[in-house]
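**Q** take a look and give me a structure for this.
(chains A and B)
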Number of protein chains: 2
Amino acid sequence: MVNVMGEYCRRKQQTGKDLCKKGTPLGEVPIPESQGLAPGIIYLIIIIACQLLYTQSPESLANYNSSLLSICFMLFLGFVDDVLDLPWRFKLILPPIATLPLLCSYSGSTSVIIPKPLRGLLWRHSDGGGLTPLGQLLSLFVTIDGQAQGKIVELGLFFMIYMALLAVFCTNAINIYAGINGLEAGQSLVIAVGVLAFTLTEILYENDGKASPTQVLSLTLVLPFIGVVLGLLYHNFYPARAFVGDTFCYFAGMTFAVIGVHGHFSKTLCFLFLPQIANFLLSLPQLFKIVPCPRHRLPRVDPSLDRLLPSLCPCASEEHRWAKRLFGLPPDSDHFINLTLINAVLRVVGPLHERTLCLLLLLLQVVCCLGTMFLRFYLANMFT
Amino acid sequence: MVNVMGEYCRRKQQTGKDLCKKGTPLGEVPIPESQGLAPGIIYLIIIIACQLLYTQSPESLANYNSSLLSICFMLFLGFVDDVLDLPWRFKLILPPIATLPLLCSYSGSTSVIIPKPLRGLLWRHSDGGGLTPLGQLLSLFVTIDGQAQGKIVELGLFFMIYMALLAVFCTNAINIYAGINGLEAGQSLVIAVGVLAFTLTEILYENDGKASPTQVLSLTLVLPFIGVVLGLLYHNFYPARAFVGDTFCYFAGMTFAVIGVHGHFSKTLCFLFLPQIANFLLSLPQLFKIVPCPRHRLPRVDPSLDRLLPSLCPCASEEHRWAKRLFGLPPDSDHFINLTLINAVLRVVGPLHERTLCLLLLLLQVVCCLGTMFLRFYLANMFT
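**A** So this is what the prediction gives:
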């Protein structure tokens, strides 16, 4: 299917050249863009068809359809972005709107459980109990459950805002942590497998093997996703014969946000996204244009060695001296390093082949997923 | 907004030339394509925002979200089609899939009321009553309500299939009844106003001024639609500064199908689509390639007169003699007339200016809408 779509894209010149292979013969081959389209459409068709088998209660249908709507809307916007290059303001405004149906049909809890060591900050356990000054300040905005003695904080609207921001983050995080063959599809696959492992562990060890409706929904959403991403990865892995485009990044990001929100594990999801969060925080100075930000920030290639090196962007030698010093560059340098996790890894490990680099970054993602499982099932039980 | 999107499209060469102005200076101006994008996205945003004000019962949310999902999916496919030119098989398979969520959450009746004069065909009113032979044959497939004496026929699954086909028809009908400036947006506007008038009349005269939930849903869906189509028509009316593309045709068609299904007036909707049905029936020989079918079937322009004439397509002089005779052409002619309602009107009325032709066709649509109102509120009451 990716091949079929690729053919249509090639016919309409929706193609690009692989910048990571500039100077090599592979760098001259036009590669079809926005190939997230094929897995996206197939995914939607599968999920729509699954609806027929799905439980027919109106609540679950509302959840199900709102999830699909959010995913479909983002897939659509991703493709529009690929074709028309939308400006940044649209990319920030549209994901929260796409999340709105999701939030409207959200029927889960909007409270968080505060880990044991932090409860003392909100609730005095001595002197008959009561809110601490910090607790009193917080209770102006949120509801701190007095009966649970600071264990439960009801966030209400703030939890909704948090979930909307989560959707914005997820859709953009995968998009900016990209640039080398197989990374977008690979990281999505690892996260999806992480979600699957997490949900299955929860079902087996916490629910005695009986899945709750939210867990069934998570599984229904994540299993076909793993399927279509595997298909895409086959075409997108080094050397890529298809580029995934914003279409895929938005689609994958929104799918995770939807699973996180409707599966009621939006907090755990953040831990699965640790490399993306690191990459996002690292990118902030460039995203907010505090330091110069070029159009593409992917690593540069050394064609003679066939290795990737950290990429640089031009920068006036007298500007941003403090930032250059911060990142270990000479203060009067006429270039600045692109602040991405990919470049950071290349600086630490040294020049790497594109395939090796991708595998290393995916390994990092796997480690984060395993860490999340440990945190959620071992540590969390100790502290709550 | 259409202007903004138009600018992005122009930048990315998503433009086309107006074939109805070939040979005139206006025919050389590149005009942005697929401008259904802007009204489509704005419509979705409005409807998603309306959800916040909307009743919060899970049933209505399920209906609401499934409607939006179907519309969003078709809008997306329309844009994909505009950009990549999908083949016909996709265009026929995808609309029923897009309708599936709609049908899954459909909770209305699946029965039809048989008009008085036809009831005798199904039910013998003499001899103590009973099914006629035709009634017995039909009852193998559907349930004929014996208590209502042939008044009510429960179609069950067949009604679902009918609604899926309705969606396929609506999405494609507007698309093939197109080709001159303002016609796609204009016909959609007239139909939408027809739906609005129909729903309001129903509320005022049959429900004593109290709107049922399905009627509120119809109004919520149709009012923003009228708004965005007015905006689009402003840019699309003669001389067009924007082409609506498949994006708009699919979006508008699916919106009508959704309103028809969830508003429970899918049968009345067919009457509002009479010109589209006529155009579809007329096009069948060309759609099924019984006679030759060119890529574009819009009328040809006579630049010296600035008038439109019926368009012809090349055809071997010895082929399709019967069809040529049927449509009043010499049997050994080396061309064949394109079988569209637009061409048929041009043959009857004579050469017309593009604007006049569009207004005439829209007038025809208005007449059909008024006829539908008469039929539904005057005749239907007489016969049921």
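**Q** so residue A:263 makes contact with residue A:213?
**A** No - when contacts are counted by CB atoms under 8 Å, residue A:263 is not listed as touching residue A:213 (10.3 Å). Quick note: C-beta positions are derived from backbone N, CA and C, even for glycine.
**Q** looking at the two, which is more packed in?
**A** For residue A:263 against residue A:213, the residue with the higher neighbour count under other CB atoms under 10 Å in any protein chain shown is residue A:263, and the figures read 25 against 14.
**Q** residues contacting the more buried one?
**A** For residue A:263, the set of contacting residues under the criterion of CB atoms under 8 Å, 6 or more residues apart in numbering or on different chains consists of A:195, A:199, A:214, A:215, A:217, A:218, A:221.
**Q** and which of these is nearest residue A:251?
**A** Proximity of those to residue A:251 was ranked by CB to CB; the top entry is residue A:221 with 12.2 Å.
**Q** my reading is that that closest one lies in a helix. Confirm?
**A** Yes - under DSSP: H, G, I helix; E, B strand; the rest coil, residue A:221 sits within a helix.
**Q** now it: how far from residue A:67?
**A** Taking CB to CB, to the nearest Å as the criterion, residue A:221 is separated from residue A:67 by 7 Å.
**Q** same check, this time on residue A:251
**A** For residue A:251, the distance to residue A:67 (CB to CB) stands at 13 Å.
**Q** looking at those two, which one has more neighbours?
**A** residue A:251 (32 against 26).
**Q** CA atoms of the helix or strand that contains the more buried one as PDB?
**A** Under the criterion of DSSP states H and E, residue A:251 resides in helix A:245-262. What follows is helix A:245-262, C-alpha atoms only, in PDB (Å, rounded to 0.1, in the frame of the first residue of the first chain):
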ATOM      1  CA  GLY A 245       6.200  13.400   6.500                       C
ATOM      2  CA  ASP A 246       4.200  15.500   9.000                       C
ATOM      3  CA  THR A 247       1.300  13.300   8.000                       C
ATOM      4  CA  PHE A 248       2.700  10.400  10.000                       C
ATOM      5  CA  CYS A 249       4.200  12.400  12.800                       C
ATOM      6  CA  TYR A 250       0.800  14.200  13.600                       C
ATOM      7  CA  PHE A 251      -1.100  11.000  13.100                       C
ATOM      8  CA  ALA A 252       1.200   9.000  15.500                       C
ATOM      9  CA  GLY A 253       1.400  11.800  18.000                       C
ATOM     10  CA  MET A 254      -2.400  12.100  18.200                       C
ATOM     11  CA  THR A 255      -2.900   8.400  18.400                       C
ATOM     12  CA  PHE A 256      -0.700   8.300  21.500                       C
ATOM     13  CA  ALA A 257      -2.400  11.300  23.000                       C
ATOM     14  CA  VAL A 258      -5.800   9.600  22.400                       C
ATOM     15  CA  ILE A 259      -4.600   6.300  23.900                       C
ATOM     16  CA  GLY A 260      -3.100   8.200  26.900                       C
ATOM     17  CA  VAL A 261      -6.300  10.200  27.500                       C
ATOM     18  CA  HIS A 262      -8.900   7.500  27.000                       C
END
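**Q** beyond it, next helix or strand please.
**A** Beyond helix A:245-262 in the direction of the C-terminus, DSSP H and E gives the next helix or strand as helix A:266-272.
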